[in-house]
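> build me a model:
(2 chains)
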Protein chains: 2
Amino acid sequence: MPFKDKKILIVGLGLIGGSYAQALKRKGFEVGAVTRSQASVDYALEHGLIDRGTTEVTAGFVGRYDLVVFALYPHVFLEWIEKYQQFLKLGALLTDVTGVKSAVVYKVQDMLRDDLEFVGAHPMAGREVYGVQNADCSIFVEANYIVTPTPANSEAAVHEIEELGRVLGFSRICRLSPGKHDEMIGFLSQLTHCIAVGLMTCKDVGHMSAYTGDSFRDLTRIARINDEMWSELFLLNQDELLAQLDLFIGQMGTIRDAVAEGDTEKLRELMRHSTEQRALFDK
Amino acid sequence: MPFKDKKILIVGLGLIGGSYAQALKRKGFEVGAVTRSQASVDYALEHGLIDRGTTEVTAGFVGRYDLVVFALYPHVFLEWIEKYQQFLKLGALLTDVTGVKSAVVYKVQDMLRDDLEFVGAHPMAGREVYGVQNADCSIFVEANYIVTPTPANSEAAVHEIEELGRVLGFSRICRLSPGKHDEMIGFLSQLTHCIAVGLMTCKDVGHMSAYTGDSFRDLTRIARINDEMWSELFLLNQDELLAQLDLFIGQMGTIRDAVAEGDTEKLRELMRHSTEQRALFDK
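Modelled structure (predicted):
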């Protein structure tokens, strides 16, 4: 079946699930949704984000779809597979949007029916707001879409999930192993969220808000954080996150010692290194 | 003499000195400049940023000005006062743009001639580029201008320096003691620069640049840093910066331990606190 003819089911109509639905409907796909709240289904139907929606998982509903996207909290995703995979269409292709990979991908692949295939993916996009009411597929433009295949995957299925990324509008699509993905995300995303939280909570700073410039605001924008989701993601990537935290805390100790010892040369060397490294991120 | 009639001298035509000159000329002030490089004088004259400029400090030149703004590296500023204050006009008012205060303000006031008065100020504005060629007084709009009076200052002089801030276009003008200023800057600005440098240098990250999202870019924008200026500012604020670094590193240790122990509740509590605190900074 050509990709464009696939019927696509979104499981979990939050910000990301809703934005997937919006992008896919605009490209002409038939899109269905299963989600917990009837209000989300109603909203998505009224705003043309989906063709069909329900809060009840039945074979009659989910058995219709060729491609199923899971946009759920990790533990809810795993429970869903355990409980409801029996209802999925024969030979259906599954993917997800989960922000950690090793702790999810292998478990899902291990428990999956033989005729189903799951290819993990991580759309690196988001907003500081939640829910299908804030769905906005423009967040995918200029963002990264990372596919995390394992030896259990077929090249054809991985291709289809990469095609999904292109259809959604991501400008950069790449492949990483689940382990490499988790190291990268532990450093670039989870560590930076830890830093923002640490900076925002290490001191009573409310009275300083009048004096802040752009730097402080930029550094702490992500300090407004969904505690339920991020604490789960942190602990599912515990080993990698700890490794990154230890690297960073160690380096902050080096800077601290250079300040304490009045070591101008060491500070300047660190700053020059930092300036060079940061230049790699400007394109 | 009404403020609008004052002749203003800028000592040091870099990015900030040049932006001061630009703003003041546009408001109709007579502006002179002393700076190290003839090329900077030539540029400022050609672009109408100043009326007169020189690289040589003489009584004939600097003795003309009622208000003198020092936009120099801190140690250069102190040396300048020691060497050349003899040439300044009788009763002239002095101010500066230095990013640390306690280590500068009291020293200058101590060594100053009895007829001169120095009121410290810190324009919290900047760019990641340098030199008078990048002068741009629009950086003052929406920025903070902090005046740091001491018991040695007269209310009239402090008022005049606040008036200077208004003329330059700053939207928020406030007063802090040098000590309170340095604590605030140690936390909001110096600590955040240390964090950006620490994050950028704790790991070889060049290969990760393809995967970065906005969060990482925002957090490390200030990792491109003028090592000569910032190392001097860090060490001139050594005690306050160390205190802020220790608070932050301690809090990162708390987060690390919560991750290591799988303490979901502790992580969620920190994240909720962080979210509340950050809300104080959104206006």
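
> which residue lies nearest the spatial centre of chain A?
For chain A, the residue nearest the mean C-alpha position is A:G99 (3.6 Å; CA atoms, centre = their mean).

> so what's the nearest residue to that residue once chain neighbours are set aside up against?
Spatial nearest neighbour of A:G99, excluding adjacent residues (CB to CB, 6 or more residues apart in numbering or on different chains): A:L233 at 5.0 Å. Just so you know, the C-beta spots here come from the backbone N, C-alpha and C atoms, and that holds for glycine as well. Neighbour list for A:L233: A:74, A:99-100, A:190 [criterion: CB atoms under 8 Å, 6 or more residues apart in numbering or on different chains].

> helix, strand or coil for A:C174?
The three-state label given to A:C174 by DSSP: H, G, I helix; E, B strand; the rest coil is strand.

> oh, that last question was meant for A:A33, not what I typed.
strand.

> pretty sure A:A23 is in a helix, no?
Yes. Counting by three-state DSSP, A:A23 is part of a helix.

> that one: neighbour count?
Each residue near A:A23 was counted by other CB atoms under 10 Å in any protein chain shown, and the total is 24.

> ok so, going back, which of the contacts of A:L233 has the most neighbours?
Scoring these on neighbours with other CB under 10 Å, the highest-scoring entry is A:V100 at 26 neighbours.

> so which bits of the stretch 1-150 of chain A are right by chain B?
A:124-125, A:143-144, A:146 (CB under 8 Å from any CB of the partner chain).

> which ones among the residues you listed map onto strands?
Members of the residues of the stretch 1-150 of chain A next to chain B lying in strands (criterion: DSSP state E): A:124, A:144, A:146.

> contact partners for the residue lying closest to the last one once chain neighbours are set aside?
With sequence-adjacent residues excluded and distances taken as CB to CB, 6+ apart, A:I146 is closest to A:H122, at 4.7 Å. Counting by CB under 8 Å, 6+ apart, A:H122 touches A:97-99, A:101, A:145-146, A:148, A:181, A:185.

> try A:L188
By CB under 8 Å, 6+ apart, the contact list for A:L188 reads B:208, B:211-213, B:215-216.

> hang on, the earlier thing: okay, and the residue nearest to A:G99 sits in which element?
Using DSSP states H and E, A:L233 maps to helix A:227-236.

> next structured bit after that helix?
Downstream of helix A:227-236, the next assigned helix or strand under DSSP H and E is helix A:238-260.

> which of the contacts of A:H122 fall within strands?
A:145-146, A:148.

> which stretches of chain A have low pLDDT?
By pLDDT under 70, the low-scoring segments of chain A are A:283.

> which parts of it are helices?
A:15-26, A:38-46, A:59-62, A:74-84, A:102-111, A:155-168, A:178-185, A:192-201, A:214-220, A:227-236, A:238-260, A:264-279 (DSSP state H).

> off-centre distance for the third one?
Centre-to-centre, helix A:59-62 and its host chain are 27 Å apart (CA atoms, centre = their mean, to the nearest Å).

> let me see the domain layout of chain A.
Listed domain ranges for chain A are A:3-176, A:181-279 (source: automatic domain parsing).

> need those in JSON lines (columns: distance to B:I16).
Compiled in JSON lines, these are given as follows (distance: least, CB to CB, whole Å):
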{"stretch": "domain A:3-176", "distance to B:I16": "33"}
{"stretch": "domain A:181-279", "distance to B:I16": "14"}
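
> what's stretch A:132-139 in contact with?
Under CB under 8 Å, 6+ apart, the answer for stretch A:132-139 is A:13-15, A:17-23, A:26, A:35, A:40, A:43-44, A:49, A:125-127, A:168-169.

> neighbours of A:P151, how many?
As a burial measure, A:P151 scores 6 neighbours (other CB under 10 Å).

> residues touching it, list them.
Contacts of A:P151 (CB under 8 Å, 6+ apart): none.

> quick one: contacts for the residue nearest to the centre of chain A?
With CB under 8 Å, 6+ apart, A:G99 has these contacts: A:122, A:185, A:189, A:233.

> which one of those residues is nearest chain B?
A:S189 (6.5 Å; CB to the nearest CB).

> mind listing what the nearest residue to the closest one once chain neighbours are set aside touches?
Nearest residue to A:S189 in three dimensions, chain neighbours excluded: B:S215, at 6.5 Å (CB to CB, 6+ apart). By CB under 8 Å, 6+ apart, the contact set of B:S215 is A:188-189, A:192-193, A:221-222.

> close enough to count as contact, A:A196 and A:R221?
Yes. A:A196 lies in contact with A:R221 (CB atoms under 8 Å); the separation is 7.4 Å.

> if you count what's nearby, which of these two comes out ahead?
Between A:A196 and A:R221, counted using other CB under 10 Å, A:A196 has the larger neighbour count: 25 against 17.

> if I look at the nearest residue to that one once chain neighbours are set aside, how far off is A:P2?
Once flanking residues are discounted, A:A196 sits nearest to A:A223: 4.0 Å by CB to CB, 6+ apart. According to CB to CB, to the nearest Å, A:A223 stands 45 Å off from A:P2.

> again with A:S215
50 Å.

> same check, this time on A:C202
55 Å.
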